[in-house]
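**Student:** sequence unknown, structure follows:
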DNA sequence: AAATTATTTCAAGGATACTTGAAATATGGA
DNA sequence: TCCATATTTCAAGTATCCTTGAAATAATTT
């Protein structure tokens, strides 16, 4: 992952609504959750939630699947992990000091 | 750490110049590096580098200390670690799936 | 087919962030 | 003191992002 890509991905995480969406999707687990449910859970209008879900999807943090009338979104841990790995291993050279700071002993 | 704070911190990481600065500071180690050196290393004008160093400092990712005429900046791993910990433990509930994705077994 | 439900798209407006270059500040040396 | 060095600050312009509300799309039900 190059710096420009990582910067864009951090940009997608730089919004409280989107972090809340991630939290909701993590709680939902593999079943995922519908766009409308997510909007309700984070207290946003459907339009606003859709805007943020689109950002998360395009970035790869969430994956959406159409199920009849609803859009079901699921978290994509792999992508979040890839960004964390960039920050820790690539950008911070796997610093043991940093690893200690987030429970990686 | 609450979502708004985390979102702001991710915002600070959402810039390729600033990620390059972090990399330079990690390489520099505990001696740190001067603002002018950093500007040269990332290929930015002094003014532009100063703008980004101010953002990193204010966020707590870097710590600056004035030494005579120069400003020496050092990386602050603790703060980066706190943000990673928020994302992994708090936001993603310590998901073992996520941990596996970034080498935390 | 018409109405209902679920979601997205769009345009307009406001807010925030970034770059540039010039000017200001501060320190050290001649 | 005067000049050079190191860095920051500022204003102006540009670009990007976010919110809102209305309209469009799509699928289901009656």
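**Tutor:** Yep, it's here. This structure is a prediction, so every number in the text was calculated from the model and none was measured.

**Student:** Could you find the closest non-adjacent residue to residue A:55?
**Tutor:** Closest residue to residue A:55 in three dimensions, ignoring its sequence neighbours and counting by C-beta to C-beta, 6 or more residues apart in numbering or on different chains: residue A:12, at 5.4 Å. Placement of C-beta: from N, CA and C, glycine included.

**Student:** For the one you found, which residues are in contact?
**Tutor:** A:18, A:55, A:56, A:59, A:61 (C-beta atoms under 8 Å, 6 or more residues apart in numbering or on different chains).

**Student:** Tell me the secondary structure at residue A:73.
**Tutor:** Secondary structure state of residue A:73, per DSSP: H, G, I helix; E, B strand; the rest coil, is strand.

**Student:** In contact with it, which residues are there?
**Tutor:** When contacts are counted by C-beta under 8 Å, 6+ apart, residue A:73 touches A:21, A:25, A:32-35, A:38, A:53, A:56-57, A:62-65.

**Student:** and chain A, which residues reach DNA strand D?
**Tutor:** Listed as neighbours of DNA strand D in chain A under the rule C-beta under 7 Å from any atom of the strand: A:11, A:14-15, A:17, A:44-45, A:47-48, A:51-52, A:55, A:66, A:68-69.

**Student:** about what we covered before: and the contacts of residue A:12, which is closest to chain B?
**Tutor:** Ranked by distance to chain B (C-beta to the nearest C-beta), those are led by residue A:18 at 7.8 Å.

**Student:** Go ahead and confirm that closest one touches residue A:52.
**Tutor:** Yes - with contact taken as C-beta atoms under 8 Å, residue A:18 and residue A:52 are classed as touching, separated by 4.9 Å.

**Student:** Go through the contacts of residue A:12 and flag which are in helices.
**Tutor:** When DSSP state H defines the helices, the subset of those inside them is A:18, A:55, A:56, A:59.
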